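Q: When you get a sec, could you give me coordinates for this:
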Amino acid sequence: MSRFLRWFFFASLSTILLLQLRGLDAPLRTAATPLGILSFEFAVTAARAAAMLDAWRAAGALDAARVSLGVDVGFLLVYPWFFRSSVQLLAAPEPVATGFDRVGQQLAAFVLFCTPLDLAENLALWRLVETVPPASPSGALAALAGVAATVKFLLVVATGCWCLVALSRRIGRTSSRPSPRA
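A: Next up is the predicted model:
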């Protein structure tokens with residue numbers, strides 16, 4: 001499969017799953033969780049996780065949280081490969097690769113760590129969602145989810161920024177070339 005077709009495949013699947021997740025996230029946006037499930041990913045403490053779960057219970061949204069976490073399992077298998085294939089599409093191959101390209105190649109490898117990080121985060125969040133009152137959510141699980149989400153998002157942001165810079169450099173090179181005369 002060509003690099004472009006691989007990129008297009010993962011870009012399409014990522015987009016479809018991201019749109020589904022956004023739709024599923026609507027009932028999860030409350031005063032306690034203004035960013036929906038994303039707020040819950042960064043609860044970090046048992047008290048904050050409990051407040052968010054209480055808000056979702058009151059809104060009847062716990063099932064939406066479960067479904068969102070289930071769909072996210074499909075998403076976590078796809079989006080790291082989208083970022084990896086984006087870097088592979090934009091980076092110059094060896095032996096013409098620059099230091100910038102080599103950074104991209106490293107990011108392409110590291111971004112795949114998003115899959116186990118997202119899986120650990122989802123398992124922790126799933127266990128938190130299944131906490132039945134009067135039991136309190138686990139502070140260790142909330143912290144695990146928060147740390148995994150932080151590292152995952154740092155990898156995604158770093159790789160996404162690299163791709164934007166690489167794309168702008170490529171566009172800049174293309175637009176600075178003289179056009180052929182007729």
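Q: and residue 136, what is it in contact with?
A: If you count contacts by Cβ atoms under 8 Å, 6 or more residues apart in numbering, residue 136 has them with 46, 50. C-beta: built from backbone N, CA, C; applies to glycine.
Q: meant to ask about residue 146
A: The contact partners of residue 146, by Cβ under 8 Å, 6+ apart, come to 41-44.
Q: just residue 107 next, same as before
A: 83, 87, 155, 158-159, 162.
Q: can you do 10 Å?
A: 83-84, 86-87, 91, 155, 158-163 (Cβ atoms under 10 Å, 6 or more residues apart in numbering).
Q: Can you tell me which of the residues you listed is nearest residue 74?
A: residue 83 (16.1 Å; Cβ to Cβ).
Q: How is the closest one classified with respect to secondary structure?
A: Put simply, residue 83 is helix when judged by DSSP: H, G, I helix; E, B strand; the rest coil.
Q: Tell me how far it lies from residue 14.
A: Distance from residue 83 to residue 14, counting by Cβ to Cβ, to the nearest Å: 9 Å.
Q: if we can go back for a sec, adding pLDDT, secondary structure and distance to residue 141 as columns, could you present the contacts of residue 146 in CSV?
A: Below are the contacts of residue 146 laid out as CSV (pLDDT from 0 to 100; DSSP: H, G, I helix; E, B strand; the rest coil; distance: Cβ to Cβ, whole Å):
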residue, pLDDT, secondary structure, distance to residue 141
41, 97, helix, 12
42, 98, coil, 13
43, 96, coil, 9
44, 97, coil, 10
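Q: Just name the closest of the residues you listed to residue 104, please.
A: Closest approach between those and residue 104, by Cβ to Cβ: residue 41, at 26.5 Å.
Q: element containing the closest residue to the closest one other than its chain neighbours?
A: Using Cβ to Cβ, 6 or more residues apart in numbering and skipping residues adjacent in sequence, the residue nearest residue 41 is residue 149, 4.1 Å away. Secondary structure assignment for residue 149, by DSSP states H and E: helix 139-176.
Q: average pLDDT for that helix?
A: Taken as a whole, helix 139-176 carries a mean pLDDT of 94.
Q: Now do the phi/psi pair for residue 93.
A: Torsion angles at residue 93 (phi, psi; degrees, to the nearest 10) stand at phi -80, psi 160.
Q: about what we covered before: out of the contacts of residue 146, who has the most neighbours?
A: With neighbours taken as other Cβ atoms under 10 Å, the top of those is residue 43, carrying 27 neighbours.
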